[in-house]
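**Student:** can't give you the sequence, but here's the structure:
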């Protein structure tokens, strides 16, 4: 295990109805906040009204900005920053899924930053100031942004989707109420579970030795995600299953499972290129890419893949490692399929003649040395092969 | 799963040699600190000198107070409080195991509190002030105090051993360097592993439903503790195993595994009475009490005990639940024995005619309604039976 330092500033509040306490929880912590959200779903569900009532009752002033889309965009972030500066906003409240939270974090970063916010993501500029605090009420468990220090933003102008991390971007307050997920469409549940699982894959499948505890914790969380998503496929209104899935999504990405390990993030880098160019749902892109990636890399570390196949996918342990690993990957594909997730580029709506070379170059370009880390390091050529093996 | 709120303020720094950074990590955070420690072991090992050098190099003023004993006592706490007030101390640095850290937390509580510190533990007084921050360098992984909000202190005058919890008592900074454990005697490793495991038992064995994630995470951590302690029994100098065991000890007690669950703490309450009267090592007392407690309560919830027997103790799943559970408990006893832990009151040096009724009354007295919670609620009579079944 490698050395590590962990600090997680989030007050994490979990339970049925807890979002109704948002006013009390923020009282005294802000002079004026930005209420940030996506489309109309929180208005249709009544959540918007509950939040506005709770803020008003607690005497908290706020301005609002809706309109965040999946794969949230830098243009709306810039609009949010201008609004916050004009209005003297000192706190951002995100009511939504990972996209809304990531957009809120981007605004929080930039209100205090004099330069251009996108240049923080491209690493052309460095943040010298402290971001504003962010609170979240989660409406879609998937991205783990409710307790992570990361934000991912897209720039349509350059077809880039890039991440940024900062310790102070973990939300100051994060509220998860599982009843808010009961009306989500089945494909959102599937995308979410797929993303959560991949957040663990990116940490689990690396070559660091002596990681027994985080291996076992990761396996426990992966099994729970798969079990609970399978329940929700048949019973989308099962609030207890939503509670387990949502809590698992937080644990999958608050980095407890990644402590002291080399991390990969190669599937995410590959997928961000797909989303940036074709605007596919992140979870759908991952379902297509992950099995092809596993096929391409498992031979570099058969031990960890066999351990996963046995401990997570329920394959019987055997001296025949190759059979064990291949059975594990096959079961993962079958599980994705059972949730209605796509299996090929075609099912994602990406043409056979897409410019996979440019995507491979894009994915590699954001990594040190232009190489994608993991159990096997991928260069542009091998990354392009992974894309092509998804045709 | 029940509702919960989680906040963990600790900056947790883990790795070989990390304790040498204590000066840099505390720089600018204190005008004068109290360096608090136990007996002479940190002086013999050279750790004391390293810490003093690091503080001095960073220009941090400090006063010191050693002499903390296992089952730390309120008298030394009072001495520490007086010293901190005289010297204007604003930060406590604990270098030691759970006893030193708990003593440091008790001092941190009381420097700002006008009343008598023991009355906070007996709940006769309520804290109105904020405790001083505490930093820790761990020398014995066991109690989990390095990342918990709890402290346990003994009062010899009244033969009481009581706990106190406060969110601000989680250390501000916690450093764990596994090489510091290489010289620990084997019985300390065994006591520590036993205590860690019991911190999970107290959370795992309750009747809360819908706890799949924390069940699985708990099982993962229990298995890791048992595996790594078994390695250390044979290879006490295995630093990688110490790293896994120590990290597991932190996870076992920072309450991630207990979120949204009813918790028991009945074995701890029963053991604190033994330690208070006979001053036995906490881990040794637990090794004797836990299997007898399991025998006494498993029938109230055979499902969770069978789940544990299969998922943690490696018993083959079977429709014969009773056989599975009894095999699981038998394997736990065998594992304790393999670590050299005592199995009976006699081996603990506690006489057959000890006043178990008074101990049962003591354990029950600190709980609401005078009853010990868990899968089966114990009253004074049934608690006394658990003690007597350890003869």
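**Tutor:** That came in fine, so what should we check first? All of these numbers come straight from a predicted model, not from anything done at the bench. Numbers count the residues shown, from 1 in each chain, chains lettered A, B, ... in the order given.

**Student:** What about the closest residue to residue A:25 other than its chain neighbours, how many residues nearby?
**Tutor:** Setting aside the residues directly before and after it, residue A:25 is nearest to residue A:173 in space (Cβ to Cβ, 6 or more residues apart in numbering or on different chains), at 5.8 Å. All C-beta spots, glycine's among them, are computed from the backbone N, C-alpha and C. Residues contacting residue A:173 under the criterion other Cβ atoms under 10 Å in any protein chain shown number 23.

**Student:** List the contacts of residue A:173.
**Tutor:** Shown in contact with residue A:173 (Cβ atoms under 8 Å, 6 or more residues apart in numbering or on different chains): A:10-11, A:13, A:25-26, A:133, A:135-136.

**Student:** I'd like to know which residues of chain A are adjacent to chain B.
**Tutor:** Contact residues (Cβ under 8 Å from any Cβ of the partner chain) of chain A with chain B: A:1-16, A:18, A:209-210, A:212-213, A:216-217, A:219-221, A:223-224, A:227-228, A:240, A:243-244, A:247-248, A:251, A:256, A:259-260.

**Student:** for stretch A:131-146, how far is the first residue from the last?
**Tutor:** End-to-end distance for stretch A:131-146: 16 Å, by Cα to Cα, to the nearest Å.

**Student:** in chain A, which helix or strand is least confident?
**Tutor:** Sorting the helices and strands of chain A by mean pLDDT, DSSP states H and E puts strand A:160-165 at the bottom, at a mean of 91.

**Student:** Strand partners (parallel or antiparallel) of the helix or strand just after it?
**Tutor:** Under the assignment DSSP states H and E, the closest C-terminal helix or strand after strand A:160-165 is strand A:173-176. Here strand A:173-176 has these sheet partners by DSSP bridges: strand A:4-14 (parallel), strand A:134-138 (parallel).

**Student:** Give me the buried stretch members for the next helix or strand after strand A:173-176, please.
**Tutor:** Sequence order places helix A:186-204 as the next helix or strand after strand A:173-176, per DSSP H and E. Neighbour counts over helix A:186-204 (16 or more other Cβ atoms under 10 Å in any protein chain shown) mark A:188-204 as buried.

**Student:** Could you check the angle the helix or strand following helix A:186-204 makes with helix A:186-204?
**Tutor:** The first helix or strand that comes after helix A:186-204 along the chain, using DSSP H and E, is helix A:212-234. Relative orientation of helix A:212-234 and helix A:186-204, computed by axes from the mean of the first three to the mean of the last three Cα atoms, to 10 degrees: 170 degrees.

**Student:** Remind me what whatever helix or strand comes next after helix A:212-234 packs against, helices and strands.
**Tutor:** For helix A:212-234, the following helix or strand on the C-terminal side (DSSP H and E) is helix A:239-253. With contacts defined as 3 or more Cβ pairs under 8 Å, 6 or more residues apart in numbering or on different chains; DSSP states H and E, the packing partners of helix A:239-253 are strand A:4-14, strand A:173-176, helix A:186-204, helix A:212-234, helix B:212-234.

**Student:** switch the cut-off to 10 Å
**Tutor:** Applying 3 or more Cβ pairs under 10 Å, 6 or more residues apart in numbering or on different chains; DSSP states H and E, one finds that helix A:239-253 makes contact with strand A:4-14, strand A:134-138, strand A:173-176, helix A:186-204, helix A:212-234, helix B:212-234.

**Student:** what's the most buried one of those?
**Tutor:** strand A:134-138 (a mean of 29; mean count of other Cβ atoms under 10 Å in any protein chain shown).

**Student:** quick check, distance from that strand to the centre of its chain.
**Tutor:** Averaging C-alpha positions (Cα atoms, centre = their mean, to the nearest Å) puts strand A:134-138 15 Å from its chain's average.

**Student:** mean confidence for whichever helix or strand comes after that strand?
**Tutor:** Using DSSP H and E, the helix or strand that follows strand A:134-138 towards the C-terminus is strand A:150-155. Here strand A:150-155 scores 94 as its mean pLDDT.

**Student:** Check which helices and strands strand A:150-155 is in contact with.
**Tutor:** Using 3+ Cβ pairs under 10 Å, 6+ apart: strand A:150-155 touches helix A:74-87, helix A:98-111, helix A:117-121, strand A:160-165, helix A:266-278.

**Student:** Let's have those in CSV, adding mean neighbour count.
**Tutor:** Compiled in CSV, those are given as follows (neighbours: other Cβ atoms under 10 Å in any protein chain shown):
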stretch, mean neighbour count
helix A:74-87, 18
helix A:98-111, 28
helix A:117-121, 20
strand A:160-165, 19
helix A:266-278, 24
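
**Student:** Compare those and report which one is nearest to residue B:302.
**Tutor:** Closest approach to residue B:302 among the helices and strands packed on strand A:150-155 is made by helix A:98-111 (40.8 Å; Cβ to Cβ).

**Student:** Centroid-nearest residue for chain A?
**Tutor:** Nearest residue to the geometric centre of chain A (Cα atoms, centre = their mean): residue A:143, 2.5 Å.

**Student:** pretty sure residue A:92 is in a strand, no?
**Tutor:** Yes: with DSSP: H, G, I helix; E, B strand; the rest coil as the criterion, residue A:92 is part of a strand.
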